[in-house]
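Asker: Any chance you could fold what I've pasted below:
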Amino acid sequence: MERAQIVAGFRDAMLTIDRYQARRIITEYCDVDAPQTIVDDVIAPALEAIGDGWEQGTYSLAQVYMAGRICEELADDLLPPATSSGHSGPRVAIGVLDDYHMLGKRMVRAILHGAAIDAIDYGRCEAWELASRAQNDDIDILMISTLMLPAALAVEDVRRALTAEGIRPWLVVGGAPFRLDPDLYHRVGADRMGTSASDAIRIVRELEGALPDR
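Answerer: Now for the predicted structure:
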């Protein structure tokens with residue numbers, strides 16, 4: 001079976017919440033001795049496709065949520081070392097700045113987790129709190145979800161607070177204000193902007209390659 005067919009079959013199994021079929025595709029058509037390849041070549045692309053579909057109104061939030069849960073279960077089985085305390089990947093955290101909406105954050109975190117990228121959930125925070133927690137947790141990539149323009153503009157306060165703490169993690173933002181004004185993320189001091197939840201995997205992978213060796 002071609003890789004595109006494997007990804008499509010895995011995607012469809014997740015959309016129908018068919019855990020058995022999703023696992024069968026992985027075990028029958030993938031090399032279980034190369035779990036990271038499975039994550040990168042099958043799980044992540046399928047999740048990205050589902051995330052894109054949700055953004056376009058094709059798939060429901062329930063489907064996205066359950067797809068993330070199924071992938072989390074598979075990732076836990078396939079990659080036990082990667083989700084342990086000894087994981088050497090980037091330290092990622094995600095929070096909501098001032099706003100009370102949590103949908104975007106939940107979407108991003110589910111997609112990241114399903115792709116075997118662990119992200120600490122900071123919930124709703126103010127700028128100084130995000131900076132302080134990022135310093136305490138030695139975060140490499142800090143992701144911020146916003147819904148309203150005032151929260152998006154407050155990302156600049158986060159950058160100032162991070163500088164005051166003496167740290168400069170990669171700052172990644174997303175949400176409606178940044179989609180409406182693609183240059184806004186530059187003006188508030190962010191390093192990257194995601195236009196959809198599925199962008200999170202690609203951005204983390206790119207920034208991981210730019211991190212210094214620990």
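Asker: Quick check: longest helix in this structure by residues?
Answerer: Longest helix in the chain, counting residues (DSSP state H): helix 61-78.
Asker: List the residues that contact the residue nearest to the spatial centre of the chain.
Answerer: Nearest to the geometric centre of the chain sits residue 112, at 3.5 Å (C-alpha atoms, centre = their mean). Contacts of residue 112 were listed using C-beta atoms under 8 Å, 6 or more residues apart in numbering, and they are 92, 94, 118-119, 200-201, 204. All C-beta atoms are positioned from the backbone trio N, CA, C, and that covers glycine.
Asker: Now do the helices in the protein.
Answerer: Under the criterion DSSP H, helices of the chain are mapped to 3-15, 19-29, 35-38, 44-55, 61-78, 103-114, 127-136, 149-153, 155-164, 176-180, 184-187, 199-208.
Asker: and the angle for the second one with helix 61-78?
Answerer: It refers to helix 19-29. With axes from the mean of the first three to the mean of the last three C-alpha atoms, to 10 degrees applied, the angle from helix 19-29 to helix 61-78 works out at 50 degrees.
Asker: ok so, going back, closest to residue 142 out of the helices of the chain?
Answerer: Across the helices of the chain, residue 142 has its closest neighbour in helix 127-136 (5.1 Å, C-beta to C-beta).
Asker: Which of the contacts of residue 112 ranks first by neighbour count?
Answerer: With neighbours taken as other C-beta atoms under 10 Å, the top of the contacts of residue 112 is residue 200, carrying 29 neighbours.
Asker: Need the pLDDT of that one.
Answerer: As predicted, residue 200 sits at a pLDDT of 87.
Asker: Now it. Nearest residue, chain neighbours left out?
Answerer: In this structure, residue 200 finds its nearest non-sequential neighbour in residue 108, 4.7 Å apart by C-beta to C-beta, 6 or more residues apart in numbering.
Asker: Domains in the chain, by residue range?
Answerer: 3-83, 92-208 (automatic domain parsing).
Asker: Mean pLDDT lowest where, among the ones you listed?
Answerer: Across the domains of the chain, domain 3-83 gives the lowest mean pLDDT, at a mean of 82.
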